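Student: sequence below, structure please.
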Amino acid sequence: MRFLGWVGLAAVLATVGCSGGGSTTSSAGGGSNNGNNNNNNNGGGGITQTTFNFSVPNFNATKQATLMRRNMPGSESFGNASINSNTVNKLDPNAQEPGRDLPPDLIARDLEQIRSAPSVGRISVKFQQIAKGADQNFFIVTTSQTVTCRKMLAENQTQHCTVFAQVVGGNPIIDETRALAIQNAWDVDNGTGQGIYNLDRSIFGSEWDNAGGRDGDSKVNLVILNSSGIGGSGFFGFTRPGDEEVGGNSNQGEILYLNNDKFGADGFDMFSTMAHEFQHLIALNTKRIHQGAFDGQQENAAIDEGKSVLAEDLAGYGLDAAGGGNGFTYQACRAFLNAPGAQGLFSFNSNLDSYGRDYVFMRYLVDRFGLPAFSSYAKSSGTGLAQLNASFGSLSSLFTDWTNALVASPLGGSVPGNLRFTGPFQPGRTYPQIRGFVGAQTLPTLQPAQTVAPPSGTQNINLTPWAFSPVLYRNGTGNTLSIQVVGDSTQGASLVVENPTGTFGGVQ
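Tutor: Reported below is the predicted structural model:
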């Protein structure tokens, strides 16, 4: 992962006056209701200054408005991804833990190594040809230990997977009944009418399956471990880029590692992890490996994680899943909504808000453009900002709409379609049951960085690349609310007006 220390600056001036301003109108890119969206070169080193002016007449106690400030540079510019909030990212003590993936340092090391992995050197078939009941050793990168596992099912019992289980005290940690339940969810029907394997592939593309991939097998290997074997009780599962190498401690195959201790009563957490991790395995091929050519680029880590949480959702393990919504997704969305400006869209640090931010963005893409268009984007060979621009048009415009939708979507009134979420994620929505929690749970609405009763004077704010910061204006006295936002050419701003509070009144 690459993290750079680039920071943008926006200065905000908010005043209240008695002179009347014009009526509220809409401007899709943010900007001013009176046309004063100026790009002025200040002559100091060639920096371009951007000014946005907003005006809401008769701003009284029945109205409120959210100013959205955005930093949208021309590159991904990862910014500061080391922010860690002990408040917004603290897990509910009775709910799930965030261990969906390998630590970033292990992923980065593997990705560095496979940059030079040869396109030849595929090993001979080994996993499929192992007999049911035979043992196979796997190196577990999270513990740097080798674990002995047993093949649980014969080849004629599976279609798209080979199931191995860790051996403890001479016996595998799962029996054949559980192995078949895992196989059924993967191969046949996970409750959606088809298996996780085909679901993920239909939306995101395929793993390296040309001539069976690195191991020459046509099936994906599911390695079931206990908490001790996988590296701790916090791990739900992972896939490892280094397994696509040909040497070192690579297990040389397309492999998902799964924590049996997360199976629970119905397998929900294991199966959702399977959908999540398989998306990573698919993206590794779609973006980087290219069916053995190794001539692509790695997907941005934050975008990749957003797609993997979305994969859980689209496979039937989302916020409104049967039997209770996904506790991990709920907590990730809650953390993001409580601190929306903590990181930029392209930054990822394994905190809950990191997962939540990019899942919510991916969910918005599906809700707005439809699943076929999203699938075309996901299956493309391009990565990061460039591919988002290519698939959906200007990301700056899309980022503007997405951030406005976070405020506008839960409001009453005539909210435009491009400012609505239509899927299971909705700020302020109450879910009757979330796994790991007792009773109904409600997501917060987007929490402002500041709440201001005008007049407020001047505010300065630092925004990392592709981050945004909402400021809520309320409790006006009936005068005109006038706001001016000044920043460099990467800045954007818009104002979502509620008239009355709770009802969509327009976007400036």
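Student: right, and Q343 touches Y355 too?
Tutor: No - counting by CB atoms under 8 Å, Q343 stays clear of Y355, with 10.9 Å between them. Quick note: C-beta positions are derived from backbone N, CA and C, even for glycine.
Student: elements contacting the top helix by length along the chain?
Tutor: Across the chain, the longest stretch assigned as helix under DSSP state H is helix 352-369. The contact analysis (3 or more CB pairs under 8 Å, 6 or more residues apart in numbering; DSSP states H and E) places helix 352-369 against helix 301-312, helix 327-338, helix 371-379, helix 395-408.
Student: for I434, find the nearest of those helices.
Tutor: Of all those, it is helix 327-338 that lies closest to I434, at 4.8 Å by CB to CB.
Student: my read is L258 is in a helix, agree?
Tutor: No - counting by DSSP: H, G, I helix; E, B strand; the rest coil, one finds L258 to be strand, located in no helix.
Student: that one pairs with what?
Tutor: Assessed by DSSP bridges, L258 has beta-bridge partners I224, G237.
Student: and it, how far from N418?
Tutor: Distance, L258 to N418, using CB to CB, to the nearest Å: 38 Å.
Student: same deal with D261?
Tutor: From D261 to N418 the distance is 43 Å (CB to CB).
Student: swap in S272?
Tutor: S272 sits 29 Å away from N418, going by CB to CB.
Student: comparing the two, which residue is more hemmed in?
Tutor: Counted by other CB atoms under 10 Å, S272 and N418 do not tie: S272 has more neighbours, with 31 against 18.
Student: pLDDT value on that one, please?
Tutor: Here the pLDDT value assigned to S272 is 98.
Student: which strand or helix spans it?
Tutor: Using DSSP states H and E, S272 falls within helix 268-283.
Student: what packs against that helix?
Tutor: helix 176-187, helix 196-204, strand 220-225, strand 237-238, strand 255-259, helix 301-312.
Student: export these as a markdown table, with columns for distance to N460 and mean pLDDT.
Tutor: Output for the helices and strands packed on helix 268-283, formatted as a markdown table (distance: least, CB to CB, whole Å; pLDDT from 0 to 100):
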| stretch | distance to N460 | mean pLDDT |
| --- | --- | --- |
| helix 176-187 | 52 | 98 |
| helix 196-204 | 42 | 98 |
| strand 220-225 | 50 | 98 |
| strand 237-238 | 41 | 95 |
| strand 255-259 | 46 | 98 |
| helix 301-312 | 26 | 97 |
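Student: and these: which comes nearest T51?
Tutor: Of all the helices and strands packed on helix 268-283, helix 301-312 sits nearest to T51, with 30.4 Å by CB to CB.
Student: show me what the closest one is packed against.
Tutor: helix 196-204, helix 268-283, helix 327-338, helix 352-369.
Student: reformat the ones you listed as a markdown table; add distance to T162.
Tutor: Putting the helices and strands packed on helix 301-312 into a markdown table (distance: least, CB to CB, whole Å) gives the following:
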| stretch | distance to T162 |
| --- | --- |
| helix 196-204 | 12 |
| helix 268-283 | 14 |
| helix 327-338 | 27 |
| helix 352-369 | 29 |
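Student: show me the one of these that comes nearest I303.
Tutor: Evaluated with CB to CB, these place helix 352-369 nearest to I303, the distance being 6.1 Å.
Student: quick one: mean pLDDT over that closest one.
Tutor: Mean predicted lDDT for helix 352-369 stands at 97.
Student: give me every residue that touches the residue nearest to S376 when sequence neighbours are not counted.
Tutor: Using CB to CB, 6 or more residues apart in numbering and skipping the chain neighbours, the partner closest in space to S376 is S391 (6.9 Å). Residues near S391 by CB atoms under 8 Å, 6 or more residues apart in numbering: 373, 376-377, 380, 382.
Student: doesn't S391 lie inside a helix?
Tutor: Yes - under three-state DSSP, S391 sits within a helix.
Student: pLDDT score assigned to it?
Tutor: 98.
Student: and the angle from the strand or helix carrying D110 to helix 268-283?
Tutor: Here D110 sits within helix 104-114, counting by DSSP H and E. Relative orientation of helix 104-114 versus helix 268-283 (axes from the mean of the first three to the mean of the last three CA atoms, to 10 degrees): 30 degrees.
Student: just want the angle from helix 104-114 to helix 301-312.
Tutor: Using the same axes, to 10 degrees: helix 104-114 against helix 301-312 is 100 degrees.
Student: okay, buried residues for helix 104-114 please.
Tutor: Buried residues in helix 104-114, defined by neighbour count with 16 or more other CB atoms under 10 Å: 106-108, 110-111, 113-114.
Student: stretch 309-326 too?
Tutor: Buried, per 16+ other CB under 10 Å, within stretch 309-326: 309-321, 324-326.
Student: so how far is that stretch off the chain centroid?
Tutor: Stretch 309-326 has its C-alpha centroid displaced from the chain centroid by 14 Å (CA atoms, centre = their mean, to the nearest Å).
Student: now, among the buried residues of helix 104-114, which is nearest to P73?
Tutor: Distances from P73 to the buried residues of helix 104-114, taken by CB to CB, are shortest for A108, at 22.9 Å.
Student: pLDDT and distance to H276 added to the buried residues of helix 104-114, as TSV?
Tutor: Putting the buried residues of helix 104-114 into TSV (pLDDT from 0 to 100; distance: CB to CB, whole Å) gives the following:
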residue	pLDDT	distance to H276
L106	72	17
I107	75	14
A108	72	19
D110	75	18
L111	73	18
Q113	70	23
I114	69	21
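Student: doesn't C149 fall inside a strand?
Tutor: Yes - assignment of C149 by three-state DSSP places it within a strand.
Student: enumerate every residue touching it.
Tutor: 135-138, 164-167, 172, 223-225.
Student: how about 7 Å then?
Tutor: Residues in contact with C149 (CB atoms under 7 Å, 6 or more residues apart in numbering) are 135-136, 138, 164-167, 223.
Student: and those, which are buried?
Tutor: Counted by 16+ other CB under 10 Å, the contacts of C149 give 136, 138, 164-167, 223 as buried.
Student: mind telling me what element Q49 is part of?
Tutor: Judged by DSSP H and E, Q49 forms part of strand 48-56.
Student: how many neighbours does P241 have?
Tutor: 25.
Student: let me fix that, I meant to ask about D488.
Tutor: Quick note: D488 (other CB under 10 Å) scores 16 neighbours.
Student: offset the numbering so it begins at 163, please.
Tutor: Happy to do that; since the first residue is 163 now, the last one works out to D650.
Student: can you pull the contacts of G485?
Tutor: 428, 430.
Student: what does stretch 224-231 rub up against?
Tutor: For stretch 224-231, using CB under 7 Å, 6+ apart, the contacting residues are 172, 174, 218, 565-566, 569, 610, 623, 625, 630-636, 638, 643, 645, 647, 655-663.
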